[in-house]
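1. Output the structure for:
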Amino acid sequence: MSLLLNLILALQVLAAIAMVGLVLLQHGKGADMGASFGSGSSGSLFGATGSANFLSRSTAAAATLFFAATLALAYFGSRPSDQGGGVMSELAGKPAAAAKAASAASTPAGLAQIPGVPASAPVK
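-> Below you'll find the predicted structure:
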């Protein structure tokens, strides 16, 4: 499953990079606006919009691929994991070990093990 997620993520990143590059390569509609005021070469304010060329179709394909990869990652991210629930689920099965660790943490830090302190010394 991890290999599939890595493949989809790589596909999404490549589609995003391709989309950015293709959008930057395209000729904007507003670039012909200056020509329409002075030279009269275009019939409308922003120029004649023709049929989609190779760059715009490639951008649409990259956007579709990016959208599909995003949906796939969202689907796989929302599914419950087949693996364990983490550290807390492992502790739930071992209550005796958790209780022993809690009682060891609540006692003073081993006063009998400190040299020069008798075991019967009062703790203040």
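
2. Give me the neighbour count for L55.
-> 14 (other CB atoms under 10 Å). Where you see a C-beta, it was placed from the backbone N, CA and C, and this is true even at glycine.

3. any idea how far A10 is from the closest residue in space to L9 that isn't next to it in sequence?
-> Using CB to CB, 6 or more residues apart in numbering and skipping residues adjacent in sequence, the residue nearest L9 is L73, 6.7 Å away. Separation of L73 from A10 (CB to CB, to the nearest Å): 11 Å.

4. In terms of packing, which of those two has more residues around it?
-> The neighbour comparison of L73 against A10 (other CB under 10 Å) goes to L73, with 15 against 11.

5. Surely the more buried one and Q12 touch.
-> Yes: between L73 and Q12 there is a contact under CB atoms under 8 Å: 6.7 Å.

6. Tell me where this protein is predicted with low confidence.
-> Low-confidence segments of the chain, defined by pLDDT under 70: 30-51, 82-86, 89-124.

7. who's in contact with stretch 67-86?
-> Stretch 67-86 is contacted by residues 1, 4-5, 8-9, 11-12, 15, 90 when judged by CB atoms under 8 Å, 6 or more residues apart in numbering.

8. Go again with 10 Å.
-> 1, 4-5, 7-16, 89-90, 92 (CB atoms under 10 Å, 6 or more residues apart in numbering).

9. If we only consider those, which is nearest to S56?
-> Of all the contacts of stretch 67-86, S56 sits closest to A15, with 15.7 Å by CB to CB.

10. Point me to the helix or strand that includes the closest one.
-> Using DSSP states H and E, A15 falls within helix 2-25.
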